[in-house]
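**Q** sequence-free structure coming up:
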């Protein structure tokens, strides 16, 4: 079994770094905009020493004011960075013990320069972001947002975090199973990263001795680290058709990197240069051909007062399984032959969203939508449930449903019907985000016959002359499922004819073990034939029945058993 922990460290807290107090040496002033004179909140203001090292960094407050305490007397300068504007450095000054240095900072207005960047030829991947004029500009603004996110996390802030885990079908992306939990409180640092030194040494995909695999993702501190800069090269990435109003700073492992790493893009708004999100994929997952399907995304949000938080995140990881293609076995033949192959059983997504609370409880909304059948017609009597809760609703004659009084957040809803339950097929599901404006109507389509057949029998060809049945074996006295017991299924077919005296009888069949629900699925069954379902000789749980199926039928049967003392 594979352990797939979410070890992405995303910084989720946001608050002001408190002003310095006491009798020490202090630098303070106000940040304003050139021309308008407007006071600018949320500017990163740093105190830099003679060696060029950043001693301390704070935000300018709502009134544009900043206040930085210096650890010692000495020579310093003030450095200010407003996202979308070039970094500005003031003149050096001497700060004596107990002295206060006053210095106002005037920054240029934000001008949309990235949006008009001219792209000529293929961008080269440079060893450091500052080695190229275009990547240097992008990195300066991305680094400012990441630094602001780290600073914001220093003091707790109240918010609502909704964490989710869900498995998606690797083919069509539909949700197979989902769970979520929401909690209010301190959203400071809900996830903790492993040290960046280990990420650099061991990589981001680490197989373990017990057969599990750990998947990691970088947090803001890791992205800002020297190790990350040393392990990756950087290039300018145009937004293209899908990100028309964005430009990107792409990164990828340097040549010769020996461990599994990540490659991706830091996407910035082309007009304001604000960091919006980071997308990444794992550069190498052992044993998989399609690496690009797995990775993650971290979204950032700038609050109105200039603070930064991580607003959402997700990591996509493969859930692997060993697939066995079972050969046919005749009655009395207990041999089993299988071809083994490792396949992606599901794509697991782990992540969450953050809602910063303003002191009032989040408003409640309703989840509404419609359930349709395989032909697109409204389906009455379907059960729509909110995963992870006991909340549900039943569709009316028009197929519509409403689940009222749900707090804001991210939820997964799933449909169930008696037929789907009996076939052992997970119903359609979708993810719904409730905001102060409500939520969009959800349309959930119950699988068609072709989809049911493909779900029940993924390796069997769809044939309108054949059938698929799910058989449930239950105790005849108690009705309890008979799980983990063997079963044999077989039938006879004939070739030739009596008239030509070449009639031949052929026996086909297979063996199975009942699952935890006391069931197994039979695929590719001949229509109109007697299908014999029975327990093998010597079994303590005895059952025997003869079933028939119609051409193209997708259904289920119940077989009753008795137990030998």
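**A** Looks like it arrived, so ask away. All values derive from a computational prediction rather than experimental measurement.
**Q** and the biggest helix by length in the chain, what's its mean pLDDT?
**A** Counting residues, the longest helix in the chain under DSSP state H turns out to be helix 133-152. In this model, helix 133-152 has a mean pLDDT of 84.
**Q** How far does the very next helix or strand once past that helix sit from its chain's centre?
**A** Downstream of helix 133-152, the first helix or strand assigned by DSSP states H and E is strand 158-168. Counting by Cα atoms, centre = their mean, to the nearest Å, strand 158-168 is centred 10 Å from the centre of its parent chain.
**Q** who does strand 158-168 pair up with?
**A** Sheet pairing of strand 158-168 (DSSP bridges) gives strand 175-186 (antiparallel), strand 338-356 (antiparallel).
**Q** for the stretch 251-400 of the chain, what spans make up the strands?
**A** In the stretch 251-400 of the chain, the segments counted as strands under DSSP state E, counting those that start in this stretch are 262-269, 275-282, 295-302, 308-326, 338-356, 364-372, 383-386, 392-394, 400-407.
**Q** and what of the stretch 451-565 of the chain?
**A** Per DSSP E, counting those that start in this stretch, the stretch 451-565 of the chain carries strands over the ranges 466-475, 486-495, 504-513, 519-526, 531-534, 541-542, 544-547, 554-563.
**Q** Which stretch among these is buried most, on average?
**A** strand 466-475 (a mean of 21; mean count of other Cβ atoms under 10 Å). Using the backbone N, CA and C atoms, a C-beta is placed for each residue, glycine as well.
**Q** So which elements touch that strand?
**A** Judged by 3 or more Cβ pairs under 8 Å, 6 or more residues apart in numbering; DSSP states H and E, strand 466-475 is in contact with helix 418-423, helix 449-456, strand 486-495, strand 519-526, strand 554-563.
**Q** Out of these, which is closest to residue 173?
**A** helix 449-456 (13.6 Å; Cβ to Cβ).
**Q** quick one: average pLDDT of that closest one?
**A** Mean pLDDT, helix 449-456: 79.
**Q** Are there helices or strands packed against that helix, and which ones?
**A** When contacts are defined as 3+ Cβ pairs under 8 Å, 6+ apart, helix 449-456 sits against strand 466-475, strand 554-563.
**Q** one more time with 10 Å, if that's ok
**A** If contacts are counted by 3 or more Cβ pairs under 10 Å, 6 or more residues apart in numbering; DSSP states H and E, helix 449-456 sits against helix 418-423, strand 466-475, strand 519-526, strand 554-563.
**Q** Tell me how far residue 224 lies from residue 282.
**A** Remark: distance between residue 224 and residue 282 (Cβ to Cβ, to the nearest Å) = 21 Å.
**Q** Ok, residue 65 next?
**A** Distance from residue 65 to residue 282, counting by Cβ to Cβ: 44 Å.
**Q** And residue 194, by the same measure?
**A** From residue 194 across to residue 282, the span is 16 Å (Cβ to Cβ).
**Q** Please apply the same query to residue 46.
**A** In this view, residue 46 and residue 282 are 34 Å apart by Cβ to Cβ.
**Q** Residue 82 now?
**A** 35 Å.
**Q** Residue 33 now?
**A** In terms of Cβ to Cβ, residue 33 sits 42 Å off from residue 282.
**Q** do residue 198 as well
**A** Between residue 198 and residue 282 the distance is 16 Å, computed by Cβ to Cβ.
**Q** And these two? Which one has more around it.
**A** Higher neighbour count among residue 198 and residue 282: residue 282, with 27 against 13, using other Cβ atoms under 10 Å.
**Q** My read is that that one contacts residue 214, right?
**A** No. Using Cβ atoms under 10 Å as the test, residue 282 is too far from residue 214 to be in contact (11.7 Å).
**Q** Show the model's pLDDT score for the residue nearest to residue 351 when sequence neighbours are not counted.
**A** Of all residues not flanking residue 351 in the chain, residue 314 sits nearest, at 3.2 Å (Cβ to Cβ, 6 or more residues apart in numbering). We have a pLDDT of 88 for residue 314.
**Q** tell me the contacts of the closest residue to residue 477 other than its chain neighbours?
**A** The spatially closest residue to residue 477, leaving aside those adjacent along the chain, is residue 562, at 7.5 Å (Cβ to Cβ, 6+ apart). Counting by Cβ atoms under 10 Å, 6 or more residues apart in numbering, residue 562 makes contact with 475, 476, 477, 482, 535, 540, 541, 542, 543.
**Q** Quick check, the last one in contact with residue 532.
**A** No. The pair residue 543 / residue 532 is not scored as a contact, 11.1 Å apart, by Cβ under 10 Å.
**Q** export the strands paired with strand 158-168 to CSV and tack on mean pLDDT?
**A** Shown next, in CSV, are the strands paired with strand 158-168 (pLDDT from 0 to 100):
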stretch, mean pLDDT
strand 175-186, 75
strand 338-356, 75
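**Q** low-scoring stretches of the stretch 101-250 of the chain, by residue?
**A** Residue ranges of the stretch 101-250 of the chain with pLDDT under 70: 111-123, 174, 186-193.
**Q** cutoff 50 now
**A** For the stretch 101-250 of the chain, applying pLDDT under 50 flags the ranges 114-122.
**Q** For residue 368, give me its contacts.
**A** Going by Cβ under 10 Å, 6+ apart, residue 368 touches 384, 393, 400-404, 432, 438-442.
**Q** now residue 553
**A** With Cβ under 10 Å, 6+ apart, residue 553 has these contacts: 449, 453, 466, 467, 468, 469, 525, 527.
**Q** so the second one touches residue 552, yeah?
**A** So that's residue 453. Yes. If you go by Cβ under 10 Å, residue 453 and residue 552 touch, sitting 8.7 Å apart.
**Q** quick one: common contacting residues for these two?
**A** 462, 463, 464, 466, 467, 468.
**Q** which of those residues lies closest to residue 347?
**A** After measuring these against residue 347 - Cβ to Cβ - the closest member comes out as residue 462, at 24.1 Å.
**Q** Do you know the pLDDT at the closest one?
**A** In this model, residue 462 is scored at 65, pLDDT.
**Q** For residue 223, give me phi and psi.
**A** Main-chain dihedrals, residue 223, degrees, to the nearest 10: phi -60, psi -30.
**Q** Surely it is in contact with residue 234?
**A** No. The criterion here is Cβ under 10 Å, and residue 223 misses it with residue 234 at 11.6 Å.
**Q** the more surrounded of those two?
**A** Between residue 223 and residue 234, residue 234 has the larger neighbour count (other Cβ under 10 Å), namely 26 against 20.
**Q** How much space separates that one from residue 136?
**A** From residue 234 to residue 136 the distance is 9 Å (Cβ to Cβ).
**Q** re earlier: pick out whichever of the contacts of residue 562 sits closest to residue 519.
**A** Within the contacts of residue 562, the smallest distance to residue 519 is 9.4 Å, found for residue 482 (Cβ to Cβ).
**Q** Run a quick neighbour tally on that closest one.
**A** When neighbours are counted by other Cβ under 10 Å, residue 482 registers 22.
**Q** How about the contacts made by it?
**A** Residue 482 makes contact with 472-475, 514, 517-519, 535, 541, 543, 559-563 under the criterion Cβ under 10 Å, 6+ apart.
**Q** same thing but at 8 Å, please
**A** By Cβ atoms under 8 Å, 6 or more residues apart in numbering, residue 482 lies in contact with 473, 474, 475, 514, 518, 541, 543, 561.
**Q** now it: how far from residue 81?
**A** 68 Å.
**Q** likewise residue 494?
**A** Separation of residue 494 from residue 81 (Cβ to Cβ) stands at 83 Å.
**Q** With residue 159 instead?
**A** Plainly put, residue 159 is 26 Å away from residue 81 if you go by Cβ to Cβ.
**Q** cool, residue 126 as well?
**A** Counting by Cβ to Cβ, the gap from residue 126 to residue 81 is 22 Å.
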